[in-house]
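Visitor: Structural data only, the sequence is not supplied:
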């Protein structure tokens, strides 16, 4: 079937092109009988109006752009789902972009989609040092902008985050309460706010308990299983190996559990492992993973609601929402095994 245009719809309905345009743009100046006749013709043609055309006439669309750095990380689909649910319930469409932690790709998405005049931009940035100019362009064009999880230090606008430091503090305190004294952490890239805050929470808990942290006990890696495996393998081969590991996210923790098993050790008998995120798969790990629940879906949902409220005229002061965390205690943590933890393993490195 050939492409249908507004002129053809107007001819079939017996009205002017302007009347068809008014109907499609939901203007109240059209009589109800005429509106119904035009819409019937639109339906018969299967016509879909151009979203960009609507944007040019209405100065905004019902589109919310969301950019995340790694859709393969199970954390981000949870955030996206929360945002999409709220958007759909309010008549908005969520357009998802995956930057692959590549600022060049992120920038390309931001520039291309700005021409569609979205109502809002929800972004988990790949690089906290970049992007200010493009974000300002969105704001200047009338789009609401909300940062989620990772917030650049220069940003003074709306943001939704988790209580990263407090969650890490409570997790480490729990390990201490079980009797652990040699506790290591495998942190994510510390140039990011979430990883830096979780490391700060770990260090504060250890300091409050007057427990020393050897330099080797703080290992930095990417937020993935491979990094968790590599760093846990290093830690568990130390002459004075830790009896517990606080991992900066659940994927790191899962890698650490695998490394423990491959070294012939037992979790939590030989080493307790604590994660951060509360991914849906945590109950399915062996052993089930103790973790910090940061209510992933709520992060995205609250961000989408801020955008929608701003579009609907909310002029209140900047929203800085910090969602509280809680501990989910499962099988991967327990009291240290004094005899096993003190035993020197053959082939270990000297600390």
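Guide: Yep, that arrived. Please read these numbers as outputs of a predicted model, since none were measured by experiment.
Visitor: So which bits of the helix or strand containing residue 232 are buried?
Guide: According to DSSP states H and E, residue 232 maps onto helix 225-236. Applying a neighbour-count criterion of 16 or more other CB atoms under 10 Å, one finds 225, 227-236 buried in helix 225-236. C-betas here are computed from N, CA, C, even on glycine.
Visitor: just those residues now: which is nearest residue 281?
Guide: Taking CB to CB as the measure, residue 281 sits nearest to residue 225 out of these, at 11.3 Å.
Visitor: That closest one touches residue 258, doesn't it?
Guide: Yes: contact status for residue 225 versus residue 258: in contact at 7.2 Å, counting by CB atoms under 8 Å.
Visitor: going on from the helix or strand of the chain with the lowest mean pLDDT, what's the next piece of helix or strand?
Guide: Ranked by mean pLDDT, DSSP states H and E, the weakest helix or strand in the chain is helix 51-58, scoring a mean of 48. From helix 51-58 onward toward the C-terminus, using DSSP H and E, the following helix or strand is strand 63-68.
Visitor: Now do the contacts for the spatially closest residue to residue 259 that is not a sequence neighbour.
Guide: Distances taken as CB to CB, 6 or more residues apart in numbering put residue 232 closest to residue 259, at 3.9 Å, once the chain neighbours are dropped. When contacts are counted by CB atoms under 8 Å, 6 or more residues apart in numbering, residue 232 touches 186, 245, 255-256, 259-260, 273.
Visitor: Tabulate those (TSV), appending secondary structure and distance to residue 197.
Guide: Shown next, in TSV, are the contacts of residue 232 (DSSP: H, G, I helix; E, B strand; the rest coil; distance: CB to CB, whole Å):
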residue	secondary structure	distance to residue 197
186	strand	15
245	strand	18
255	helix	21
256	helix	20
259	helix	25
260	helix	26
273	strand	20
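Visitor: hmm, who's touching the helix or strand where residue 145 lies?
Guide: Per DSSP H and E, residue 145 falls inside strand 144-148. Residues outside strand 144-148 that contact it (CB under 8 Å, 6+ apart) are 79, 119-125, 135, 138-139, 155, 157-161, 299-300, 303, 306-307, 310-311, 319.
Visitor: what's the average pLDDT for it?
Guide: The average of the pLDDT scores along strand 144-148 is 96.
Visitor: One more: stretch 180-197?
Guide: For stretch 180-197, the mean per-residue pLDDT is 94.
Visitor: Okay, now that stretch: how far is its last residue from its first?
Guide: This stretch, stretch 180-197, spans 22 Å end to end (CA to CA, to the nearest Å).
Visitor: Not counting its own residues, what contacts stretch 166-177?
Guide: 183, 185, 197-202, 204-206, 208-209, 211, 244, 246, 248, 272, 274, 276, 290-292, 294, 324-325, 327, 329, 333.
Visitor: Would you state the helices of the stretch 151-300 of the chain in chain order?
Guide: 164-177, 193-208, 225-236, 250-262, 296-311 (DSSP state H, counting those that start in this stretch).
Visitor: and the ones you listed as CSV, adding distance to residue 114?
Guide: Shown next, in CSV, are the helices of the stretch 151-300 of the chain (distance: least, CB to CB, whole Å):
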stretch, distance to residue 114
helix 164-177, 30
helix 193-208, 25
helix 225-236, 34
helix 250-262, 32
helix 296-311, 15
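Visitor: I'd say residue 320 and residue 157 touch.
Guide: No: counting by CB under 8 Å, residue 320 does not reach residue 157; the two are 9.2 Å apart.
Visitor: so what strands line up beside the strand holding residue 145?
Guide: strand 120-123 (parallel), strand 158-162 (parallel) (DSSP bridges).
Visitor: Which among these is found nearest to residue 29?
Guide: Proximity to residue 29 (CB to CB) singles out strand 120-123 among the strands paired with strand 144-148, at 28.6 Å.
Visitor: Pull out the buried positions in that closest one.
Guide: Quick answer for strand 120-123 (16+ other CB under 10 Å): 120-123.
Visitor: same question, stretch 148-167
Guide: 148-152, 155, 157-167.
Visitor: related to what we said a few turns ago, most widely separated two among the contacts of residue 232?
Guide: So, the contacts of residue 232 by CB to CB: farthest apart are 186 and 260, at 12.2 Å.
Visitor: out of these two, which sits in the busier spot?
Guide: Using other CB atoms under 10 Å as the criterion, residue 186 and residue 260 rank with residue 186 on top: 27 against 24.
Visitor: does the more buried one really touch residue 223, like I thought?
Guide: No: taking CB under 8 Å as the definition, residue 186 is not a contact partner of residue 223, at 10.1 Å.
Visitor: Are there residues contacting both of those two? Which ones?
Guide: Residues within reach of residue 186 and of residue 223 at once, by CB under 8 Å, 6+ apart, are 248, 252.
Visitor: Averaged pLDDT, the helix or strand containing residue 43. What do you get?
Guide: According to DSSP H and E, residue 43 maps onto helix 32-45. Mean pLDDT, helix 32-45: 86.
Visitor: can you check stretch 222-236 too?
Guide: Per-residue scores along stretch 222-236 average to 97.
Visitor: same check, this time on stretch 263-278
Guide: Computed over stretch 263-278, the mean pLDDT rounds to 97.
Visitor: ok so, going back, mind giving me the PyMOL command for buried ones among the contacts of stretch 166-177?
Guide: Buried residues among those (16+ other CB under 10 Å), as a PyMOL selection:
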select buried, resi 183+185+197+198+199+200+201+202+204+205+206+244+246+248+272+274+276+290+291+292+294+325+327+333
